[in-house]
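# Provide a 3D model corresponding to the input given below.
(one chain, ligands or ions: 1)
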Amino acid sequence: MARKKIALVGAGQIGGTLALLAAQKELGDVVLFDIAEGMPAGKALDLAETSPVEGFNASLTGGNDYSVIEGADVVIVTAGIPRKPGMSRDDLIGINSGVCKTVGEAIGKYAPNAFVIVITNPLDVMVWVLQQASGLPPERVVGMAGVLDSARFRYFLAEEFNVSVEDVTAFVLGGHGDTMVPLVRYSTVAGIPLPDLVKMGWTTQEKLDAIVQRTRDGGAEIVKLLKTGSAFYAPAASAIQMAESYLKDQKRVLPVAAHLSGQYGQDDLYVGVPTIIGAGGVEKIIEIELNDEEKAMFQNSVDAVKTLVDVVKKLDAEKS
Ligand code: APR
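Take a look at the predicted model:
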């Protein structure tokens, strides 16, 4: 069987990490695209030269022409600009919506059969822009946010409880922004829901609330420390988990920014929800029961995403 092809559009901090992880896991051959001249080819060559040492079989190449992504099975998009300290994800919208439109058109032309994972921020609206421009079916265009936000939540919880990260499950819904909704009662340690752990005296409600807030601010915490850009290791690892579930038809249950067409009472909107990712892309959107408080938080998050979609529509109207 021929190797799969993984195209990475954007070969910056996240793109380079994606390339290394995809190659090390032997998910397929990797091609990097970027507008920075020579850079994707240089990164690809540097990474390819790790293969004899690391012992993986995958070809890595890069280029500045969109044709390099031709026939890709998976495309992961990080093209655009990241945040600097003091910026919100939403501040990136003007530049990154133009980038995602161009990238979407190129994917429609060169890789119409791919499963596409968008990472560029502000995430939920960027994946909407890209899907529209690509013409690909919505079940094959998703955004990476929920896996990362849940990973941050899980990490903070594991630290608090002094248990393995592997035994902590966590659920984050909604848009990838300050309004994201970490679902405390659906998050567990070895199956025990967090509210029960508070009752058992493992932690306090105050500590749990602080962890929820730290999860919401997880991206900003890293931007503040790095000063010159935003997080890249955990975002890359999260997108690779989604790509792997698609390529190997694992049918993992993962929170992703998926296209809603009636689910959760929303229409033609991308927002973070639990899904099953398999060979068909988003094979199912799982609709969980939300209580009134969770519904209100989810709606607040949805409204924030809708506001940004309207901003993009307005920018588009001004251009034409
Ligand atoms: N087409 C292709 N690549 C582009 C384009 C474009 N039109 N515009 C910019 N790029 C490239 C840049 O040259 C750069 O190499 O996108 C890359 C982005 O890389 P970084 O600046 O290192 O940013 P990174 O940390 O990888 O984040 C990328 O993901 O999490 C989000 O908010 C983050 O939107 C940002 C994106």
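
# so where do the helices sit in the chain?
Defined through DSSP state H, the helices belonging to the chain, from first to last, are 13-24, 39-48, 51-54, 93-110, 123-134, 146-161, 194-199, 205-216, 218-226, 233-247, 292-319.

# distance of the residue of the stretch 101-250 of the chain found nearest the ligand relative to Gly280?
For the stretch 101-250 of the chain and the ligand, the shortest gap (C-beta to the nearest ligand atom) falls at Asn121, measuring 3.5 Å. Every residue, glycine included, has its C-beta placed from N, CA and C. Look at Asn121 and Gly280: by C-beta to C-beta, to the nearest Å, they are 27 Å apart.

# for the residue sitting nearest the centre point of the chain, give me its contacts.
Ranked by distance to the mean C-alpha position of the chain (C-alpha atoms, centre = their mean), the top residue is Met144 at 1.3 Å. By C-beta atoms under 8 Å, 6 or more residues apart in numbering, Met144 lies in contact with 117-119, 123, 235, 238-239, 242, 256-257.

# so which of the residues you listed sits lowest on pLDDT?
On pLDDT alone, Leu123 ranks lowest of the contacts of Met144, at 94.

# isn't it right up against Val147?
No - assessed by C-beta atoms under 8 Å, Leu123 is found out of contact with Val147, at 11.7 Å.

# so which of those two has more stuff around it?
Neighbours were tallied for Leu123 and for Val147 using other C-beta atoms under 10 Å; the higher tally belongs to Leu123 (27 against 24).

# neighbours around the residue nearest to the more buried one when sequence neighbours are not counted, how many?
Spatial nearest neighbour of Leu123, chain neighbours left out: His176 (4.1 Å); criterion: C-beta to C-beta, 6 or more residues apart in numbering. Burial of His176, expressed as a neighbour count using other C-beta under 10 Å, amounts to 28.

# measure Leu260 to the ligand for me?
22 Å (C-beta to the nearest ligand atom, to the nearest Å).

# make a markdown table from the helices of the chain and add distance to the ligand to it.
A markdown table is the format used below for the helices of the chain (distance: least, C-beta to the nearest ligand atom, whole Å):
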| stretch | distance to the ligand |
| --- | --- |
| helix 13-24 | 3 |
| helix 39-48 | 6 |
| helix 51-54 | 22 |
| helix 93-110 | 4 |
| helix 123-134 | 8 |
| helix 146-161 | 9 |
| helix 194-199 | 28 |
| helix 205-216 | 16 |
| helix 218-226 | 8 |
| helix 233-247 | 5 |
| helix 292-319 | 14 |
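
# of these, which stretch is the most buried?
Relative to the other members of those, helix 123-134 carries the highest mean neighbour count by mean count of other C-beta atoms under 10 Å, namely a mean of 27.

# which residues does that helix contact?
Residues outside helix 123-134 that contact it (C-beta under 8 Å, 6+ apart): 77, 80, 89, 93, 96-97, 100-105, 107-108, 112, 116, 118, 120, 138, 141-145, 175-177, 257, 259, 269-272, 305, 308-309, 311-312.

# enumerate every residue touching the closest residue to Val256 other than its chain neighbours.
In space, Val256 comes closest to Val142 once its chain neighbours are excluded; the distance is 4.6 Å by C-beta to C-beta, 6+ apart. For Val142, the residues meeting the contact criterion (C-beta under 8 Å, 6+ apart) are 115-118, 127, 242, 256-258, 275, 277, 281-282.

# could you list which of those residues belong to strands?
Taking DSSP state E, the ones among the contacts of Val142 that sit in strands are 115-118, 256-258, 275, 277, 281-282.

# number of residues surrounding the residue in the stretch 1-150 of the chain that the ligand sits nearest to?
With C-beta to the nearest ligand atom, the shortest gap between the stretch 1-150 of the chain and the ligand falls at Gly12, namely 1.9 Å. The number of residues packed near Gly12 is 21, by other C-beta under 10 Å.
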